[in-house]
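Peer 1: below: sequence and its predicted model.
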Amino acid sequence: VQLQASGGGLVQPGGSLRLSCAVSGVKLKHYSIGWFRQAPGKEREWVSCIRATDGSTVYADSVKDRFTVSRDKDKNTVYLRMSSLKPEDTAVYYCAADSFCSRPPQYWGKGTQVTVSS
C-alpha cells in the first residue's frame, strides 16, 4: 500500500489550496482515508477523514467549514480542498489509510508542506 500526498505550497492568508493523495495497492471503496497535519514543535493533529463505505466525511473543529475532503474512486485519489487559510494551518500534511476513520491509520504516506504566510 502506498500513499503520496502532493499539492502543498506557499499561499497567502485567506487563500486556497488543494492537496491530492494518490493511493495504490488498495481501493478507496475498501479503505477510509484520513488527513493529518503536523506543525513545527507540535504534535500531529487529525484533520479530516472520508469513509470507505459511503464517502461520508468528518472534520476537526479547527477546519470545519473551511476544508472539504472528496475522492475520485476511478483515479483512486483523495483530495483536500482548503479555503480561507490561516497562518495556523501551516504544517506538513499527510494522508493515511485504514479500514475505518475511527482508529489510527495503518498506512501512511509522505507529507506535503503547506505554508500560509504573507
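Peer 2: Perfect, I can see it now. Residues are numbered from 1 along each chain as shown.
Peer 1: host element of the residue nearest the centre of the chain?
Peer 2: The geometric centre of the chain, computed from its C-alpha atoms, lies nearest to Trp35 (C-alpha atoms, centre = their mean), at 3.0 Å. Trp35 is part of strand 32-38 when elements are defined by DSSP states H and E.
Peer 1: repeat for Asp74
Peer 2: Per DSSP H and E, there is no helix or strand for Asp74.
Peer 1: I'd like to know how many residues surround it.
Peer 2: 7 (other C-beta atoms under 10 Å). No exception for glycine: its C-beta is placed from N, CA and C like everyone else's.
Peer 1: before we move on, what about Lys42?
Peer 2: Here the count is done by other C-beta under 10 Å, and Lys42 has 10 residues near it.
Peer 1: which other residues reach stretch 24-40?
Peer 2: For stretch 24-40, contacts defined as C-beta atoms under 8 Å, 6 or more residues apart in numbering pick out 1-3, 19, 21, 23, 44-52, 69, 71, 73, 76, 78, 80, 88-101, 105, 107, 111, 114.
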